[in-house]
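1. Sequence and predicted structure, then a few things I'm wondering about:
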Amino acid sequence: MTILYFSDIKILGDPNKTTSQHFWSQMNGIEEKMLYDAEDAIAEHILGYYDINPDKLALDYTNYFTYIDSNNDKSKIAKRGHNKQKRDDLRQFSLGLVTSKELAIPLCSYVYEGNITDVSAFPKYLDLFRTRIGHYTDATDITLIYDNGSVSKKNLLELKSREPQYHYVCAFSLSCYKELLDIPMDDYKTVSICGDKDILCYRTTEDIWGEKNECILIYSEDLYNGQYKGLLTSTRRKEQELKKLKEQLRNPKSRISKAASAIDARIKNIIKGDFGESIFEINKIGIRIIKDIDFSVNYDIMEEICNKHYGKRLIITDRFTWTTEEILEAYWGQSDIEKIFKDSKNGHHFSVQPQYHWTDSKVRVHTFCCLLGLLLTSILKKELSDSGIKMENKKIIDTLSGIREVYVLTPDKKSKNDFSVEKKLDQMSLIQQDIWSVLEKKVYCKKK
């Protein structure tokens, strides 16, 4: 007879010190500076170990809703604001993060109040970043890559306000530079980046807020289709609301005001946004008292608007000597940090939420631990990628979670307890075997 015992984890040391309460209690003695020092030491080691040059760094922000009670005044960072998961009813805290372009390693995190906008957080975060980056790299020619949520005239000047100065590649709102929308599509050229991605773009040099910038206008068919679909949905909703208003005007028992000024205000409120004022043609029947309305959608104007405005994005930079390919590849790496945020909201792995803490210090420690888990998984992802195994973080953890140790107990009269014990790994799938082989060769045997 053979008895099998399966084990997913082996606990070493005092089991009383592995409880959640013990772990929770240890957070009391950890200060914010200690977390920064630990993060900087880890970043320094990883950058040196993998010989990563942090000359291109991605910056982005996100927020996490909490279940901290409204009457709880112990947390100063949990505030109400616009939540990216649409939980505006709950208090939230925000996270700013800088990652390396290579490996997307989290390097410098900043937990702050949930009611501060990205553009307002940028100067404070930049000061913190300037102070900390010198702890783990001597690089001075650094380019920050970020979205237009952090862009303002003041913030662009802040990058050059004192040493070390930073270059930038960032998105910029086309509403601030509408003349670029008039550039005909025939002037756009196709540029290949990342080996297999073709980008239709137009490059020019323009004066923005008194400074020369390289501007790259990008056209995306997927973005166009998404925006066009949104416009159709918005237009149909407005048509329904106008039909409802028409029925109310024709109903003698309707109690709405039919005065021309009141109806003008209703119509203006209905068609506002998404170019409704240009798309809808509305005829009012009546002068001082409106008895009825007729309306229609001018699809020719809608097509003109879509061709001019939709599918286009603008990127600006002060890297004048970079090729168009280099600028686009740098900006395209911004999506990696968004994947990190997506992973940090995965309910099964790395998730920052739900976090069962209600003081700022514990929220910061909890966030640090989650980011550390993401960092270690990113390193494992690189080791697997170098060995030809391409997998995302979630898939890596799901696959490894299915590997179990087996303790085989076999009757043996010569042994002390009449059983011999042999530890083996449970039968693995082919992909599990491949990953385990890489771990044995490239991770477990390393002593650096």
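-> Structure's in. What do you need? Numbering: from 1, shown residues only.

2. Break the chain into its domains for me.
-> According to automatic domain parsing, the chain comprises the domains 1-25+402-448, 31-170+322-386, 235-308.

3. Residue 178 is nearest to which of those?
-> Checking the domains of the chain against residue 178 by CB to CB gives domain 235-308 as the closest, at 9.3 Å. To be clear about C-beta, it is placed using only N, CA and C from the backbone, and glycine gets the same treatment.

4. so how far is the closest one off the chain centroid?
-> 38 Å (CA atoms, centre = their mean, to the nearest Å).

5. hmm, back to that, out of the domains of the chain, which comes closest to residue 185?
-> Once the domains of the chain are compared by CB to CB, domain 235-308 is nearest, at 8.0 Å.

6. got the end-to-end distance for that closest one?
-> By CA to CA, to the nearest Å, the extent of domain 235-308 from end to end equals 18 Å.

7. average model confidence for that domain?
-> Average pLDDT, domain 235-308: 92.

8. just checking, next helix/strand downstream of the worst-scoring helix or strand of the chain on mean pLDDT?
-> Every helix and strand in the chain was compared by mean pLDDT, DSSP states H and E; the lowest is strand 3-7, with a mean of 46. Counting by DSSP states H and E, the next helix or strand C-terminal to strand 3-7 is helix 20-26.

9. helices or strands up against that following helix?
-> With contacts defined as 3 or more CB pairs under 8 Å, 6 or more residues apart in numbering; DSSP states H and E, helix 20-26 has no helix or strand neighbours.

10. which residues are contacting whichever helix or strand comes after that helix?
-> Toward the C-terminus, helix 20-26 is succeeded by helix 32-49 as the next helix or strand (DSSP H and E). The contact list for helix 32-49 (CB atoms under 8 Å, 6 or more residues apart in numbering) reads 52, 54, 100, 105, 107-109, 132, 135-137, 361, 364-365, 368, 371-372, 375, 379, 448.

11. Columns distance to residue 176 and mean neighbour count on top of the domains of the chain, output as JSON lines?
-> Output for the domains of the chain, formatted as JSON lines (distance: least, CB to CB, whole Å; neighbours: other CB atoms under 10 Å):
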{"stretch": "domain 1-25+402-448", "distance to residue 176": "48", "mean neighbour count": "11"}
{"stretch": "domain 31-170+322-386", "distance to residue 176": "9", "mean neighbour count": "18"}
{"stretch": "domain 235-308", "distance to residue 176": "16", "mean neighbour count": "14"}
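
12. Residue 205: which of the ones you listed is closest?
-> domain 31-170+322-386 (12.2 Å).

13. any idea of the mean pLDDT for that closest one?
-> Domain 31-170+322-386 shows a mean pLDDT of 88.

14. mind checking the SS state of the closest residue to residue 192 other than its chain neighbours?
-> Spatial nearest neighbour of residue 192, excluding adjacent residues (CB to CB, 6 or more residues apart in numbering): residue 198 at 5.5 Å. Secondary structure for residue 198, judged by DSSP: H, G, I helix; E, B strand; the rest coil, is strand.

15. now do the one 4 residues further on
-> Using three-state DSSP as the criterion, the local structure at residue 202 reads strand.

16. and residue 447, what pLDDT?
-> 49.

17. quick revisit: give the contact list for the residue nearest to residue 192.
-> Shown in contact with residue 198 (CB under 8 Å, 6+ apart): 190, 191, 192.

18. again, but for residue 119
-> Residues in contact with residue 119 (CB under 8 Å, 6+ apart) are 149, 150, 151, 152, 155.

19. swap the cut-off to 7 Å and go again
-> With contact set as CB atoms under 7 Å, 6 or more residues apart in numbering, residue 119 has these partners: 149, 150, 152, 155.

20. what residue lies at the spatial centre of the chain?
-> Closest to where the C-alpha atoms of the chain average out (CA atoms, centre = their mean) is residue 338, at 2.9 Å.

21. Which strand or helix spans the closest residue to that residue other than its chain neighbours?
-> For residue 338, ignoring the flanking residues on the chain, the nearest one in space by CB to CB, 6+ apart is residue 60 at 6.6 Å. Per DSSP H and E, residue 60 falls inside strand 56-65.
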